[in-house]
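Participant: Provided below are the primary sequence and the corresponding predicted coordinates.
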Amino acid sequence: MGLPSCEIQHQKHKKNNKILLHVILAVLLSCFVFLSVAFVVWYFFLKEKYKKQVVMQTTLPTIPGSRIYTERELEVATDEFNEANLLGRGSFGSVYKATMDDGSTTVAVKVLHEESGRSYKSLKREFKILSQIRHRNLVGLLGSAWNPQFKALVLDFIPNGNLEQHLYPGGSEEEETSELTMKERLSIAIDAANGLQYLQEGCPTQVVHCDLKPQNVLLDDDMVAHIADFGIGKLLLDTTNEQTSTTAFLRGSVGYIPPEYGQGAEVTAKGDMYSFGVVLLEMITRKRPTNGMFSDGLDMRKWVFSCHPNKILEVVDETLKRQARLGGSVGNVERLEKCCNQLVCVALKCTADNPQERPLMSSVVPMLLNIWKDMGF
C-alpha cells in the first residue's frame, strides 16, 4: 500500500517548513537590523543638521552702531505686540511701533511671522542689505533680536505713513481725494530717486530693491521720502548661492514688475528703474497700475502715452487740476500741464519695454531737479 513512504514525505515536508521558517526569520531579522541602523544614521544626521540650523539662525554679524535687543525688550516696547501699535503687515512679517529707552526713542520693529524657509531668508536678506547701506532717503537699521524662537529687525520709525496712504486716503481710487500737491509729489519723486541712485552707485555693493511701490515709500513729518522693505532685494555681487534670476519666484508686486522678470531675466538695476517709472505715472494720474481699466492689452504706460503731450491733462489726477484752478489763473493750469508732460517724459523713458533703453538714476535725478527748478519750486 506504500504507507511508509507517506510518513517519510510528511517528515520531509516538516523539515522543509522549518528551513523556510528559519530563512524568513533570518530575512526579517536582517531587515530589522538594517532599518534600525538606517534610522539611527538618519536621526543623527537630522540632529546635526538641526544644530547647524540653530547656530545659523541664532547668530547674526555684529554691525558697528547696531544694537542687540532681547525679545523681552521688544515685547515691552510694543506693549506685548499690541494691535494698536501695528503699523503694517506683509507676507513675511509684521511691523510695530515701539517706544524704547523710557519713552525717549520711537522705533519700528519688524517681526518674522513664522519660521518658514522663505520668511527667514527674507528677514536675513533685509538685515544683510540694511547693514551695508546708509542714506537719508532709505530706512535705516538700528538693531536686531535673533534667537531660535524670535527674530526681528529694529528700524527707523517714519511717522507719516506711506505714499500709498497719501495718494488713496480712503484706500480706493474712487473714494475721497489726495491732498498731495504737485510740489510734494515731485519732491517725493526726487527723494526716492536719490535713494535709488545711492543703491545703484553709492553703496559698497550695488543693491536692487526689487519691490519699489508707493506702499514701500515712507514719509516723515517733513514729507521727506524714505524707501523701505528690502525683504526681496538683492546684493548684485553677493557670492552666496542665492539665485539672481527671477525664474524661482517673481520678484516684486503686480503692476510694478518689469516685463523681463516675467520671462526669467536676471535681476538688474534697470528693473528698479521700471518700477520707479510706474510709481511716477501713478503719482501723476492717481491710478494704480492694477486698475480695472487696464485690460485687453492696455496698461498704464500705453494709456498715458496716448495722451502725451497734447492731451496730458486728460490723465492727470483731478486733485492736481482742481488745485491749479483754485490758483485763479490760467497760467497755473498751464504750469501743471508743462510739469506733468516733463515728468511723463521721464516716466516713459524709465518704463521702456527694453531694459537697455532705460536710463539709470544718475541720469534721471538731474532731469527731476531741472523740472523742480523750471517750475520755480
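Facilitator: Perfect, thanks for sending it.

Participant: ends of stretch 78-89, what's the gap?
Facilitator: 15 Å (C-alpha to C-alpha, to the nearest Å).

Participant: in it, what counts as buried?
Facilitator: Residues of stretch 78-89 classed as buried: 78, 81, 85, 87, 88 (neighbour count, 16 or more other C-beta atoms under 10 Å). (Glycine included, C-beta is placed from N, CA and C.)

Participant: what does that stretch rub up against?
Facilitator: Identification of contacts with stretch 78-89 by C-beta atoms under 8 Å, 6 or more residues apart in numbering yields 75, 94, 95, 96, 97, 98, 108, 109, 111.

Participant: so can I have JSON lines of those residues showing distance to residue 131?
Facilitator: JSON lines is the format used below for those (distance: C-beta to C-beta, whole Å):
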{"residue": "75", "distance to residue 131": "24"}
{"residue": "94", "distance to residue 131": "21"}
{"residue": "95", "distance to residue 131": "18"}
{"residue": "96", "distance to residue 131": "21"}
{"residue": "97", "distance to residue 131": "22"}
{"residue": "98", "distance to residue 131": "20"}
{"residue": "108", "distance to residue 131": "16"}
{"residue": "109", "distance to residue 131": "17"}
{"residue": "111", "distance to residue 131": "18"}
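
Participant: sitting in strands, which of those residues do you find?
Facilitator: Here DSSP state E is the test, and the contacts of stretch 78-89 give 94, 95, 96, 97, 98, 108, 109, 111 as lying in strands.

Participant: which residues touch the first one?
Facilitator: By C-beta under 8 Å, 6+ apart, residue 94 lies in contact with 81, 86, 88, 110, 111, 113.

Participant: still on that earlier bit, in JSON lines: the buried residues of stretch 78-89, plus pLDDT and distance to residue 199.
Facilitator: What follows is those, written out as JSON lines (pLDDT from 0 to 100; distance: C-beta to C-beta, whole Å):
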{"residue": "78", "pLDDT": "96", "distance to residue 199": "29"}
{"residue": "81", "pLDDT": "95", "distance to residue 199": "31"}
{"residue": "85", "pLDDT": "96", "distance to residue 199": "29"}
{"residue": "87", "pLDDT": "93", "distance to residue 199": "23"}
{"residue": "88", "pLDDT": "90", "distance to residue 199": "22"}
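
Participant: which ones among those lie within strands?
Facilitator: Using DSSP E, the buried residues of stretch 78-89 in strands are 87, 88.

Participant: quick one: the helices in this protein?
Facilitator: Using DSSP state H, the helices of the chain run over residues 3-57, 71-77, 117-130, 163-167, 182-197, 269-285, 300-307, 318-326, 330-350, 361-375.

Participant: to residue 217, which of the ones you listed lies closest?
Facilitator: Nearest to residue 217 among those is helix 163-167 (4.1 Å), distances taken as C-beta to C-beta.
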